[in-house]
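**Q** Just a sequence and a predicted model for now, questions to come.
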Amino acid sequence: MVDFKKLMDPAHQEQMRIEREAEQARAEEHEKKLRGWLNTVDEHVEELAEKERSFIRNCRFRLNSFLLLSEPQEKWLKDIAAKFAA
């Protein structure tokens, strides 16, 4: 059951606002990290195998479409970017 008194409580509203802003900041930082990996890979895209290039295009499409990458996709992207970060 919804507690409307709690929803109207200014202290509760402030707490929920703080939690939303913190979650949004974490999401933005995570997206920034993913885009950084993509930018690193973009500089060396010619050196990648066709399967990896297709994967990178897919990752960029998903991020530009506001879709999340799965954990295995993030790991593979990180691994590819690590090859060129050194």
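**A** Sure thing, it's come through.
**Q** I'd like to know which elements whichever helix in the chain runs longest is packed against.
**A** Longest helix in the chain, counting residues (DSSP state H): helix 10-42. On a contact count with 3 or more Cβ pairs under 8 Å, 6 or more residues apart in numbering; DSSP states H and E, helix 10-42 meets helix 50-64, helix 71-85. Yep, even glycine has a C-beta here, placed from its N, CA and C like the rest.
**Q** Would you format those helices as CSV with distance to residue 28, mean neighbour count and mean pLDDT included?
**A** Below are these laid out as CSV (distance: least, Cβ to Cβ, whole Å; neighbours: other Cβ atoms under 10 Å; pLDDT from 0 to 100):
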stretch, distance to residue 28, mean neighbour count, mean pLDDT
helix 50-64, 12, 14, 95
helix 71-85, 16, 14, 94
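**Q** Using CSV, lay out those helices together with distance to residue 19.
**A** Below are these laid out as CSV (distance: least, Cβ to Cβ, whole Å):
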stretch, distance to residue 19
helix 50-64, 24
helix 71-85, 23
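**Q** Residue 14: which of these is closest?
**A** helix 50-64 (31.9 Å; Cβ to Cβ).
**Q** distance of the residue lying closest to residue 56 once chain neighbours are set aside from residue 2?
**A** In this structure, residue 56 finds its nearest non-sequential neighbour in residue 41, 5.5 Å apart by Cβ to Cβ, 6 or more residues apart in numbering. Note on residue 41: its distance to residue 2, by Cβ to Cβ, to the nearest Å, is 46 Å.
**Q** Which of these two has more residues huddled nearby?
**A** residue 41 (24 against 6; other Cβ atoms under 10 Å).
**Q** what residues are up against the more buried one?
**A** Shown in contact with residue 41 (Cβ atoms under 8 Å, 6 or more residues apart in numbering): 48, 56, 77, 80-81, 84.
**Q** Considering these, which is situated nearest to residue 23?
**A** Relative to residue 23, and with distances defined as Cβ to Cβ, the nearest of the contacts of residue 41 is residue 77, at 22.2 Å.
**Q** pretty sure that closest one is touching residue 33, no?
**A** No. Between residue 77 and residue 33 there is no contact, the gap being 9.9 Å when judged by Cβ atoms under 8 Å.
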